[in-house]
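Chemist: Provided below are the primary sequence and the corresponding predicted coordinates.
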Amino acid sequence: MNILAVGDLVGDNGLKKLAQEIKKIKEENKIDFTIVNRRKCCRRNGNYKKAI
């Protein structure tokens, strides 16, 4: 089993870049499971934007 762990995405730019690249990364590395820490991507009022 291959696991991809992505830590501390920062802001909208981090989410956008991951959204652009994750499919390619998962296919190239035969990833079975992905964990993403995105807590630093929240707005100041605590609302999270929709993920990928």
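Modeler: Yep, that arrived. Numbering: from 1, shown residues only.
Chemist: can I assume Ala5 sits in a strand?
Modeler: Yes: the assignment for Ala5 (DSSP: H, G, I helix; E, B strand; the rest coil) places it in a strand.
Chemist: That one pairs with what?
Modeler: Ile35 (DSSP bridges).
Chemist: can you tell me how far it sits from Ile35?
Modeler: 5 Å (CB to CB, to the nearest Å). The C-beta positions use only the backbone N, C-alpha and C, and glycine is treated the same way.
Chemist: need the helix or strand of the chain with the lowest average pLDDT.
Modeler: helix 11-29 (a mean of 90; mean pLDDT, DSSP states H and E).
Chemist: Can you mark which positions in that one are buried?
Modeler: For helix 11-29, the neighbour count (16 or more other CB atoms under 10 Å) marks 14-15, 18, 22 as buried.
Chemist: Pull the number of nearby residues for Phe33.
Modeler: By the measure other CB atoms under 10 Å, the count of residues near Phe33 is 10.
Chemist: still on that earlier bit, distance to Asn29 for the buried residues of helix 11-29 - can I get that in a markdown table?
Modeler: Shown next, in a markdown table, are the buried residues of helix 11-29 (distance: CB to CB, whole Å):
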| residue | distance to Asn29 |
| --- | --- |
| Gly14 | 19 |
| Leu15 | 20 |
| Leu18 | 14 |
| Ile22 | 11 |
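Chemist: nearest to Met1, of the residues you listed?
Modeler: Comparing those against Met1 with CB to CB picks out Ile22 as the nearest, at 17.6 Å.
Chemist: isn't that closest one right up against Glu28?
Modeler: No: contact between Ile22 and Glu28 fails when scored by CB atoms under 8 Å: they sit 10.8 Å apart.
Chemist: Could you check how far Asp32 is from Asn2?
Modeler: Distance from Asp32 to Asn2, by CB to CB: 5 Å.
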